[in-house]
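Undergrad: quick one: sequence and predicted model below, then my questions.
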Amino acid sequence: MLYIGTSGYSYKDWIGTFYPENTDKKEMLKLYAQKFKVSEINSTYYRIPHPASFYYLQQKVPADFKFAVKANQEMTHSREENPAIFKDFKESIKPLLEAGKFACVLAQFPYSFYNTPSNRDYLLRFKERMNDIPLVVEFRNSYWINNEI
């Protein structure tokens, strides 16, 4: 299955080009879901929402729609071991998982996340903490691009 979508759906400057003129912000996701089958949720990078937020969000889209949810910055940009942040994140996305509308966690690491043994170990611990939840990783550092990985 190939899913094509964008990094978010709620952009004022899309009104008049992608969305009809005078589109209410509350209608954007519904309209977006008529054209695409997946959207990245970026706001989770800054703050982990209450599970009710995802419960209501998933009710606005068709059964075959998926959400790719960006990992919280504390999960990708901090090397301090904080299992609670992973627990809170997984609890937050539970409504999407239960509804079958979850695509993956997008772990976007900073440029400073080099390809080192300790960072590779961190990736393994990250995956273990996510259990069987699908995970995709975005590296911003070119040192990850090699044939040995």
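TA: Here it is on my side, so go on.
Undergrad: and the longest helix along the chain, how far out from the chain's middle?
TA: Ranked by number of residues, the top helix in the chain under DSSP state H is helix 83-99. With C-alpha atoms, centre = their mean, to the nearest Å as the basis, helix 83-99 stands 12 Å off its chain's centre.
Undergrad: could I get the full set of strands for the protein?
TA: Using DSSP state E, the strands of the chain run over residues 5-6, 38-41, 66-70, 102-108, 135-138.
Undergrad: how about the ones you listed in CSV, adding mean pLDDT, distance to Phe86 and mean neighbour count?
TA: (Each C-beta comes from the backbone N, C-alpha and C, glycine too.) Listed next are these as CSV, based on pLDDT from 0 to 100; distance: least, C-beta to C-beta, whole Å; neighbours: other C-beta atoms under 10 Å:
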stretch, mean pLDDT, distance to Phe86, mean neighbour count
strand 5-6, 96, 25, 16
strand 38-41, 98, 17, 21
strand 66-70, 98, 13, 22
strand 102-108, 98, 10, 20
strand 135-138, 96, 11, 14
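Undergrad: Pro49 is nearest to which of these?
TA: Nearest to Pro49, of all these, is strand 38-41, at 8.8 Å by C-beta to C-beta.
Undergrad: for that closest one, packing partners?
TA: In terms of contacts (3 or more C-beta pairs under 8 Å, 6 or more residues apart in numbering; DSSP states H and E), strand 38-41 is packed against strand 5-6, strand 66-70.
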